[in-house]
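Enquirer: Quick one, what's the 3D model for this:
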Amino acid sequence: MVTLNVNGKAKSVDAEADTPLLWVLRENLQLTGTKFGCGMALCGACTVHLDGKPVRSCSTPISAAAGKKITTIEGVGATRTGKAVQAAWAKIDVPQCGYCQSGQIMSACALLAEKKAPTDGDIDGAMSGNICRCGTYNEIRAAIKDASVTLVKGA
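Expert: Below you'll find the model as predicted:
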C-alpha cells in the first residue's frame, strides 16, 4: 500500500512501487484527465506536476511520487495560474481533438508558475516535449501569452 498526495488529498493505493503513476491515477484513482500517449515520455500527454514540476507520469514510478505533491489536470484549476491557463485555453479555443490538451495545460502552468511573462523562447523550451497531432501550436502559444497577461496584471 502506497499513500500519495494527489490534488491536495491523501490517497492510498494498492500497487507495486514500480507501477507508472499514470496507471495509478487512471485505473486506481479514476482520474482519467491524464492521458496515455506514447508510454515512453516523448509526447507529453501524460504530464502531471510533482512538487510543481512537470513530469511524464507514464515513466514515473509511484515510488518516485510518494511523499511529493502530485497535481493532475483535475486539480490544477485550483491554482491562480491553472485558472488563468484554463480560461485562456477556452477563450482562444485551443483544442481540436483535445487528447493532448491536459498535458499541454500542465506544461503551460508549470512554465507560468516559474515565469509570469515568458518569452517565445521560454514557451518553445517549456512546450517542446508536448506533441499536438492536430497542430494547434499557434493557439497554444496565444493562450499561454493570454494567460501571462492575466497573471502579470494580477501580480
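
Enquirer: distance of the nearest residue to residue 25 once chain neighbours are set aside from residue 76?
Expert: Of all residues not flanking residue 25 in the chain, residue 31 sits nearest, at 4.6 Å (Cβ to Cβ, 6 or more residues apart in numbering). Heads up, the C-betas are built off the backbone N, CA and C, glycines and all. Look at residue 31 and residue 76: by Cβ to Cβ, to the nearest Å, they are 12 Å apart.

Enquirer: Could you pull out the helices in this structure for me?
Expert: For the chain, applying DSSP state H gives helices covering 21-23, 62-65, 73-76, 80-92, 101-114, 120-127, 137-154.

Enquirer: just these: most buried one?
Expert: Ranked by mean neighbour count, these are led by helix 101-114 with a mean of 25 (mean count of other Cβ atoms under 10 Å).

Enquirer: name the helices or strands packed onto that helix?
Expert: If you count contacts as 3 or more Cβ pairs under 8 Å, 6 or more residues apart in numbering; DSSP states H and E, helix 101-114 packs onto strand 47-50, strand 53-56, helix 73-76, helix 80-92, helix 120-127, helix 137-154.

Enquirer: quick one, what contacts the spatially most central residue of the chain?
Expert: Nearest to the centroid of the C-alpha atoms of the chain, with distances taken as Cα atoms, centre = their mean, sits residue 106, at 2.2 Å. Residues near residue 106 by Cβ atoms under 8 Å, 6 or more residues apart in numbering: 47-49, 54, 71-73, 76.

Enquirer: got a list of what residue 134 touches?
Expert: Neighbour list for residue 134: 95-97, 100 [criterion: Cβ under 8 Å, 6+ apart].

Enquirer: Can I have the buried ones of those as a PyMOL selection?
Expert: Of the contacts of residue 134, the buried ones go into a single PyMOL selection, burial set by 16 or more other Cβ atoms under 10 Å:
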select buried, resi 95+100
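
Enquirer: Nice, that's everything, thank you.
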